[in-house]
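Undergrad: Next comes the sequence, and after it the predicted model I'd like to discuss.
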Amino acid sequence: MTTETAVTGQDLNTKFQALDMPTIYSAEECDRMAGVIAEIEALKKERNAAILAHNYQRPEIYQVADFVGDSLELARRGTELEEDVIVFCGVHFMAESAKILAPSKTVLLPDMRAGCSLADSVDPDELVERRDELRKLYPDLMVVAYVNTTAAVKAVVDVCVTSSNAVKVVEQLDSEHILFVPDEHLANYVQKETSKTVISWDGNCYVHHQITPENILSVKKGIPNLKVLVHPECRSDVLELADAVLSTSGMVRYAKESPADEFLIVTECGLSDKLILEVPEKKFYKACKLCQFMKMITLDATLESLRQMRHEIHLEEGLRADAEKSLRRMFELS
Ligand code: 13P
Ligand code: SF4
(Lines give C-alpha, C1' and ligand atoms only; values in the text may rest on other atoms or scores of the structure.)
(Ligands and ions follow the chains in the order given, each with its own letter.)
Protein backbone atom coordinates (compact mmCIF):
# COMPACT_ATOMS: atom_id res chain seq x y z
CA MET A 1 0.00 0.00 0.00
CA THR A 2 1.35 3.43 -0.93
CA THR A 3 -0.39 6.38 0.70
CA GLU A 4 -0.12 9.79 -0.91
CA THR A 5 -2.64 12.00 0.85
CA ALA A 6 -2.57 14.06 4.03
CA VAL A 7 -2.66 11.71 7.02
CA THR A 8 -5.93 11.19 8.88
CA GLY A 9 -7.13 8.86 11.61
CA GLN A 10 -8.82 6.86 8.87
CA ASP A 11 -5.43 6.27 7.26
CA LEU A 12 -4.27 4.64 10.46
CA ASN A 13 -7.26 2.29 10.38
CA THR A 14 -6.69 1.47 6.74
CA LYS A 15 -3.04 0.76 7.13
CA PHE A 16 -3.47 -1.59 10.06
CA GLN A 17 -6.34 -3.36 8.29
CA ALA A 18 -4.06 -3.78 5.29
CA LEU A 19 -1.53 -5.41 7.60
CA ASP A 20 -4.21 -7.81 8.81
CA MET A 21 -3.44 -6.83 12.38
CA PRO A 22 -6.02 -6.42 15.14
CA THR A 23 -5.20 -2.83 16.08
CA ILE A 24 -8.10 -0.73 14.88
CA TYR A 25 -8.56 2.59 16.65
CA SER A 26 -12.20 2.14 17.61
CA ALA A 27 -13.45 3.74 20.84
CA GLU A 28 -13.55 0.30 22.54
CA GLU A 29 -10.03 -0.55 21.42
CA CYS A 30 -8.71 2.83 22.59
CA ASP A 31 -10.32 2.24 26.02
CA ARG A 32 -8.72 -1.18 26.20
CA MET A 33 -5.34 0.28 25.18
CA ALA A 34 -5.59 2.90 27.93
CA GLY A 35 -5.83 0.03 30.45
CA VAL A 36 -2.82 -1.74 28.91
CA ILE A 37 -0.83 1.52 28.98
CA ALA A 38 -1.56 1.93 32.71
CA GLU A 39 -0.43 -1.66 33.37
CA ILE A 40 2.80 -1.10 31.40
CA GLU A 41 3.55 2.09 33.35
CA ALA A 42 3.08 0.27 36.69
CA LEU A 43 5.27 -2.65 35.59
CA LYS A 44 8.00 -0.30 34.36
CA LYS A 45 8.34 1.02 37.91
CA GLU A 46 8.21 -2.44 39.48
CA ARG A 47 10.90 -3.82 37.15
CA ASN A 48 13.02 -0.64 37.09
CA ALA A 49 12.62 -0.62 33.31
CA ALA A 50 12.76 2.03 30.58
CA ILE A 51 11.17 1.73 27.15
CA LEU A 52 13.07 2.91 24.07
CA ALA A 53 11.07 3.15 20.84
CA HIS A 54 12.00 3.78 17.23
CA ASN A 55 10.22 6.52 15.27
CA TYR A 56 8.48 3.88 13.07
CA GLN A 57 6.60 2.34 15.99
CA ARG A 58 2.83 2.44 16.30
CA PRO A 59 1.57 5.71 17.85
CA GLU A 60 0.29 3.95 20.99
CA ILE A 61 3.82 2.68 21.65
CA TYR A 62 4.96 6.33 21.84
CA GLN A 63 2.63 6.67 24.85
CA VAL A 64 4.61 4.19 26.95
CA ALA A 65 8.08 5.10 25.64
CA ASP A 66 10.58 6.99 27.77
CA PHE A 67 12.36 8.02 24.60
CA VAL A 68 11.45 7.85 20.88
CA GLY A 69 14.13 8.46 18.27
CA ASP A 70 16.21 7.40 15.28
CA SER A 71 18.85 4.66 15.34
CA LEU A 72 21.70 6.92 16.41
CA GLU A 73 19.73 8.61 19.20
CA LEU A 74 18.48 5.26 20.49
CA ALA A 75 21.97 3.75 20.53
CA ARG A 76 23.25 6.75 22.51
CA ARG A 77 20.28 6.90 24.88
CA GLY A 78 20.64 3.21 25.80
CA THR A 79 24.08 3.96 27.28
CA GLU A 80 22.75 6.83 29.41
CA LEU A 81 19.81 5.12 31.14
CA GLU A 82 19.88 4.43 34.86
CA GLU A 83 17.25 1.67 34.77
CA ASP A 84 18.35 -2.00 34.93
CA VAL A 85 16.02 -3.15 32.16
CA ILE A 86 15.55 -1.79 28.62
CA VAL A 87 12.46 -2.85 26.70
CA PHE A 88 13.26 -2.10 23.09
CA CYS A 89 10.26 -1.29 20.91
CA GLY A 90 11.97 -1.52 17.56
CA VAL A 91 13.65 -4.30 15.61
CA HIS A 92 16.16 -6.96 16.63
CA PHE A 93 19.37 -5.23 15.47
CA MET A 94 18.44 -2.14 17.50
CA ALA A 95 17.89 -4.19 20.67
CA GLU A 96 21.21 -5.92 19.99
CA SER A 97 22.95 -2.54 19.70
CA ALA A 98 21.50 -1.57 23.10
CA LYS A 99 22.89 -4.80 24.60
CA ILE A 100 26.29 -4.32 22.90
CA LEU A 101 26.61 -0.86 24.43
CA ALA A 102 25.07 -1.64 27.85
CA PRO A 103 26.03 -5.27 28.56
CA SER A 104 25.13 -5.15 32.25
CA LYS A 105 21.50 -4.33 31.47
CA THR A 106 18.70 -6.76 30.68
CA VAL A 107 17.52 -5.91 27.16
CA LEU A 108 14.12 -7.23 26.08
CA LEU A 109 12.53 -7.28 22.61
CA PRO A 110 8.73 -7.72 22.93
CA ASP A 111 8.46 -9.88 19.78
CA MET A 112 11.40 -11.89 18.44
CA ARG A 113 9.85 -11.93 14.95
CA ALA A 114 10.68 -8.20 14.71
CA GLY A 115 13.79 -8.68 12.59
CA CYS A 116 14.99 -6.69 9.59
CA SER A 117 15.39 -8.25 6.15
CA LEU A 118 18.11 -5.70 5.31
CA ALA A 119 20.15 -6.65 8.40
CA ASP A 120 19.71 -10.34 7.57
CA SER A 121 21.07 -9.87 4.04
CA VAL A 122 24.73 -10.01 5.19
CA ASP A 123 26.40 -13.18 6.41
CA PRO A 124 29.57 -12.37 8.44
CA ASP A 125 31.63 -15.18 6.84
CA GLU A 126 30.69 -14.07 3.33
CA LEU A 127 31.54 -10.50 4.28
CA VAL A 128 35.01 -11.44 5.54
CA GLU A 129 35.62 -13.43 2.33
CA ARG A 130 34.56 -10.47 0.16
CA ARG A 131 36.66 -8.04 2.25
CA ASP A 132 39.77 -10.23 1.89
CA GLU A 133 39.28 -10.52 -1.89
CA LEU A 134 38.85 -6.75 -2.24
CA ARG A 135 41.89 -6.02 -0.06
CA LYS A 136 44.04 -7.78 -2.67
CA LEU A 137 42.95 -5.01 -5.08
CA TYR A 138 42.69 -2.17 -2.54
CA PRO A 139 45.00 -2.76 0.44
CA ASP A 140 43.60 0.30 2.27
CA LEU A 141 39.97 -0.96 2.08
CA MET A 142 37.83 -0.40 5.18
CA VAL A 143 34.49 -2.06 5.89
CA VAL A 144 31.65 0.18 6.99
CA ALA A 145 28.42 -1.32 8.33
CA TYR A 146 25.12 0.47 8.52
CA VAL A 147 23.73 -0.14 12.03
CA ASN A 148 21.03 -2.20 10.32
CA THR A 149 23.27 -5.28 10.66
CA THR A 150 23.52 -8.16 13.12
CA ALA A 151 25.98 -8.06 16.05
CA ALA A 152 27.99 -10.79 14.26
CA VAL A 153 28.49 -8.45 11.29
CA LYS A 154 29.29 -5.44 13.49
CA ALA A 155 31.98 -7.60 15.11
CA VAL A 156 33.94 -7.98 11.84
CA VAL A 157 33.73 -4.44 10.43
CA ASP A 158 35.86 -1.32 11.00
CA VAL A 159 33.11 1.11 11.89
CA CYS A 160 29.31 1.46 12.00
CA VAL A 161 27.19 4.31 10.67
CA THR A 162 23.54 5.31 10.81
CA SER A 163 21.46 7.18 8.26
CA SER A 164 22.19 10.45 10.09
CA ASN A 165 26.00 10.22 10.24
CA ALA A 166 27.05 7.96 7.32
CA VAL A 167 28.46 10.77 5.17
CA LYS A 168 30.30 12.43 8.06
CA VAL A 169 31.84 9.18 9.35
CA VAL A 170 32.92 7.84 5.94
CA GLU A 171 34.48 11.17 4.93
CA GLN A 172 36.75 11.04 8.00
CA LEU A 173 38.03 7.48 7.42
CA ASP A 174 41.70 7.07 6.70
CA SER A 175 41.04 5.08 3.53
CA GLU A 176 40.03 5.86 -0.05
CA HIS A 177 38.20 2.54 -0.60
CA ILE A 178 35.13 1.59 1.37
CA LEU A 179 33.10 -1.63 1.32
CA PHE A 180 29.69 -0.48 2.55
CA VAL A 181 27.14 -3.04 3.81
CA PRO A 182 24.31 -3.85 3.47
CA ASP A 183 22.21 -1.07 1.90
CA GLU A 184 23.08 -0.31 -1.75
CA HIS A 185 20.99 2.87 -1.78
CA LEU A 186 22.64 4.38 1.29
CA ALA A 187 26.00 3.30 -0.18
CA ASN A 188 25.22 5.16 -3.43
CA TYR A 189 24.19 8.23 -1.47
CA VAL A 190 27.47 8.14 0.52
CA GLN A 191 29.41 7.71 -2.74
CA LYS A 192 27.73 10.82 -4.13
CA GLU A 193 28.29 12.94 -1.03
CA THR A 194 31.91 12.00 -0.25
CA SER A 195 35.27 11.86 -2.05
CA LYS A 196 35.62 8.07 -1.40
CA THR A 197 35.24 5.08 -3.70
CA VAL A 198 32.33 3.17 -2.20
CA ILE A 199 31.73 -0.48 -3.09
CA SER A 200 28.22 -1.51 -2.14
CA TRP A 201 26.70 -4.78 -0.97
CA ASP A 202 23.77 -6.25 -2.86
CA GLY A 203 21.08 -5.38 -0.31
CA ASN A 204 18.25 -2.94 0.23
CA CYS A 205 15.37 -2.22 2.55
CA TYR A 206 12.25 -3.77 1.01
CA VAL A 207 10.16 -0.93 2.48
CA HIS A 208 12.04 2.02 0.98
CA HIS A 209 12.97 0.17 -2.22
CA GLN A 210 9.29 -0.03 -3.20
CA ILE A 211 8.78 3.76 -3.22
CA THR A 212 8.97 5.16 -6.77
CA PRO A 213 9.48 8.64 -8.30
CA GLU A 214 5.87 8.43 -9.58
CA ASN A 215 4.61 8.13 -5.97
CA ILE A 216 6.27 11.49 -5.25
CA LEU A 217 5.48 13.29 -8.48
CA SER A 218 1.77 12.48 -8.28
CA VAL A 219 1.51 14.26 -4.90
CA LYS A 220 3.86 17.13 -5.79
CA LYS A 221 1.88 18.01 -8.94
CA GLY A 222 -0.93 19.84 -7.17
CA ILE A 223 1.05 21.38 -4.27
CA PRO A 224 3.58 24.01 -5.42
CA ASN A 225 5.49 24.69 -2.17
CA LEU A 226 5.67 21.13 -0.90
CA LYS A 227 9.04 20.25 0.68
CA VAL A 228 10.05 16.66 -0.10
CA LEU A 229 11.91 14.90 2.76
CA VAL A 230 13.43 11.55 1.79
CA HIS A 231 15.16 8.81 3.81
CA PRO A 232 18.55 7.79 2.33
CA GLU A 233 17.45 4.13 2.13
CA CYS A 234 15.35 5.19 -0.89
CA ARG A 235 16.41 4.56 -4.50
CA SER A 236 18.64 7.16 -6.19
CA ASP A 237 15.85 8.19 -8.63
CA VAL A 238 13.73 9.01 -5.56
CA LEU A 239 16.58 10.82 -3.77
CA GLU A 240 16.94 13.06 -6.84
CA LEU A 241 13.48 14.49 -6.09
CA ALA A 242 14.32 15.37 -2.47
CA ASP A 243 14.60 18.86 -1.00
CA ALA A 244 16.41 17.18 1.92
CA VAL A 245 17.76 13.66 2.56
CA LEU A 246 17.42 12.93 6.26
CA SER A 247 17.25 10.28 8.99
CA THR A 248 13.87 9.82 10.65
CA SER A 249 14.62 12.25 13.51
CA GLY A 250 16.32 14.56 11.02
CA MET A 251 12.94 14.83 9.26
CA VAL A 252 11.21 15.78 12.53
CA ARG A 253 13.80 18.48 13.25
CA TYR A 254 13.62 19.80 9.67
CA ALA A 255 9.81 20.03 9.74
CA LYS A 256 9.90 21.90 13.06
CA GLU A 257 12.59 24.39 12.01
CA SER A 258 11.65 24.98 8.35
CA PRO A 259 9.62 28.09 7.42
CA ALA A 260 7.64 25.79 5.07
CA ASP A 261 4.37 24.37 6.30
CA GLU A 262 3.63 21.51 3.85
CA PHE A 263 5.85 18.45 3.57
CA LEU A 264 5.89 15.16 1.69
CA ILE A 265 7.38 12.47 3.93
CA VAL A 266 9.08 9.69 1.98
CA THR A 267 9.92 6.80 4.29
CA GLU A 268 8.14 4.17 6.42
CA CYS A 269 4.55 5.30 7.13
CA GLY A 270 4.95 5.54 10.92
CA LEU A 271 7.08 8.66 10.71
CA SER A 272 4.10 10.71 9.56
CA ASP A 273 2.24 9.68 12.73
CA LYS A 274 5.15 11.02 14.77
CA LEU A 275 5.12 14.28 12.80
CA ILE A 276 1.39 14.82 13.29
CA LEU A 277 1.88 14.45 17.03
CA GLU A 278 5.01 16.60 17.28
CA VAL A 279 4.28 19.31 14.71
CA PRO A 280 0.46 19.60 14.71
CA GLU A 281 0.46 23.10 13.19
CA LYS A 282 1.94 21.88 9.86
CA LYS A 283 0.54 19.60 7.14
CA PHE A 284 2.10 16.28 6.13
CA TYR A 285 1.58 14.19 3.03
CA LYS A 286 3.20 10.83 2.62
CA ALA A 287 4.60 8.54 -0.05
CA CYS A 288 5.31 5.62 2.22
CA LYS A 289 5.31 1.88 2.79
CA LEU A 290 4.84 -0.10 5.98
CA CYS A 291 7.59 -2.12 7.65
CA GLN A 292 5.99 -5.37 8.79
CA PHE A 293 8.84 -5.93 11.26
CA MET A 294 8.44 -2.61 13.07
CA LYS A 295 4.67 -3.12 13.29
CA MET A 296 5.08 -6.52 14.98
CA ILE A 297 5.66 -4.70 18.26
CA THR A 298 2.31 -4.10 19.96
CA LEU A 299 1.22 -2.76 23.35
CA ASP A 300 0.11 -6.27 24.35
CA ALA A 301 3.49 -7.76 23.42
CA THR A 302 5.23 -4.98 25.35
CA LEU A 303 3.11 -5.69 28.43
CA GLU A 304 3.85 -9.45 28.23
CA SER A 305 7.52 -8.70 27.75
CA LEU A 306 7.59 -6.79 31.05
CA ARG A 307 5.35 -9.29 32.87
CA GLN A 308 7.39 -12.32 31.90
CA MET A 309 10.74 -10.54 31.39
CA ARG A 310 10.86 -11.97 27.87
CA HIS A 311 12.47 -12.03 25.18
CA GLU A 312 15.95 -11.29 26.41
CA ILE A 313 18.84 -10.46 24.05
CA HIS A 314 21.95 -12.54 24.79
CA LEU A 315 25.34 -12.09 23.11
CA GLU A 316 28.54 -14.06 23.44
CA GLU A 317 31.02 -11.72 25.24
CA GLY A 318 33.87 -11.86 22.67
CA LEU A 319 31.50 -11.05 19.83
CA ARG A 320 29.82 -8.30 21.86
CA ALA A 321 33.14 -6.66 22.69
CA ASP A 322 34.23 -6.72 19.01
CA ALA A 323 30.89 -5.27 17.91
CA GLU A 324 31.17 -2.56 20.57
CA LYS A 325 34.45 -1.33 19.03
CA SER A 326 32.78 -0.51 15.69
CA LEU A 327 29.86 1.24 17.41
CA ARG A 328 32.18 3.23 19.71
CA ARG A 329 34.28 4.25 16.70
CA MET A 330 31.11 5.60 15.09
CA PHE A 331 30.41 7.71 18.20
CA GLU A 332 33.96 9.09 18.09
CA LEU A 333 33.56 10.15 14.44
CA SER A 334 30.02 11.58 14.61
P1 13P B 1 16.79 5.93 11.15
O2 13P B 1 18.13 5.73 11.77
O3 13P B 1 16.77 7.07 10.17
O4 13P B 1 15.75 6.07 12.19
O5 13P B 1 16.44 4.66 10.24
C6 13P B 1 16.28 3.36 10.75
C7 13P B 1 15.69 2.40 9.80
O8 13P B 1 15.57 1.22 10.00
C9 13P B 1 15.26 2.93 8.53
O10 13P B 1 14.68 1.91 7.80
FE1 SF4 C 1 14.69 -3.03 8.21
FE2 SF4 C 1 13.62 -1.52 6.28
FE3 SF4 C 1 12.13 -2.23 8.34
FE4 SF4 C 1 14.12 -0.39 8.65
S5 SF4 C 1 12.25 -0.19 7.46
S6 SF4 C 1 13.65 -2.13 10.00
S7 SF4 C 1 15.62 -1.24 7.22
S8 SF4 C 1 13.03 -3.63 6.81
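TA: Great, that's in hand. Ligands and ions are numbered 1, 2, ... in the order given.

Undergrad: So which residues on the chain come close to ligand 1?
TA: Asn55, Asp70, Ser71, Asn148, Thr162, Ser163, Cys205, Glu233, Ser247, Thr248 (CB under 6 Å from any ligand atom). For every residue, glycine as well, the C-beta is placed using N, CA and C.

Undergrad: Narrow those to those in helices?
TA: Ser71, Thr248 (DSSP state H).

Undergrad: Now stretch 320-327: buried residues?
TA: Buried residues in stretch 320-327, counted by 16 or more other CB atoms under 10 Å: Arg320, Asp322, Ala323, Glu324, Lys325, Ser326, Leu327.

Undergrad: ignore the last one, stretch 302-319
TA: Thr302, Leu303, Ser305, Leu306, His311, Ile313, Leu315, Leu319.

Undergrad: repeat for stretch 289-305
TA: Neighbour-count burial for stretch 289-305 [16+ other CB under 10 Å]: 289-291, 293-303, 305.

Undergrad: And the residue nearest to His54 when sequence neighbours are not counted, how far from Ala301?
TA: Nearest residue to His54, sequence neighbours excluded (CB to CB, 6 or more residues apart in numbering): Gly90, at 3.7 Å. Plainly put, Gly90 is 12 Å away from Ala301 if you go by CB to CB, to the nearest Å.

Undergrad: In this structure Ser121 contacts Tyr206, no?
TA: No - counting by CB atoms under 8 Å, Ser121 sits too far from Tyr206 to count as a contact (9.9 Å).

Undergrad: higher neighbour count, these two?
TA: The neighbour count for Ser121 versus Tyr206, taken as other CB atoms under 10 Å, is higher for Ser121 (20 against 15).

Undergrad: Now do the contacts for that one.
TA: Pro182, Trp201, Asp202, Gly203 (CB atoms under 8 Å, 6 or more residues apart in numbering).

Undergrad: so how many other residues sit close to the residue nearest to Thr212 when sequence neighbours are not counted?
TA: The shortest distance from Thr212 to any non-neighbouring residue, by CB to CB, 6+ apart, is to Val238 (7.0 Å). By other CB under 10 Å, 24 other residues sit near Val238.

Undergrad: Next one: Val238 from Val228, what distance?
TA: On the measure of CB to CB, Val238 and Val228 end up 9 Å apart.

Undergrad: joint contacts of the two?
TA: Contacts common to Val238 and Val228, judged by CB under 8 Å, 6+ apart, are Ile216, Val266.

Undergrad: Could you show which parts of the chain are in contact with ligand 2?
TA: Going by CB under 6 Å from any ligand atom, the residues of the chain near ligand 2 are Val91, Cys116, Ser117, Leu118, Asn148, Cys205, Tyr206, Val207, Glu268, Cys291, Phe293, Met294.

Undergrad: Select from those every entry located in helices.
TA: Using DSSP H, those in helices are Tyr206, Val207.
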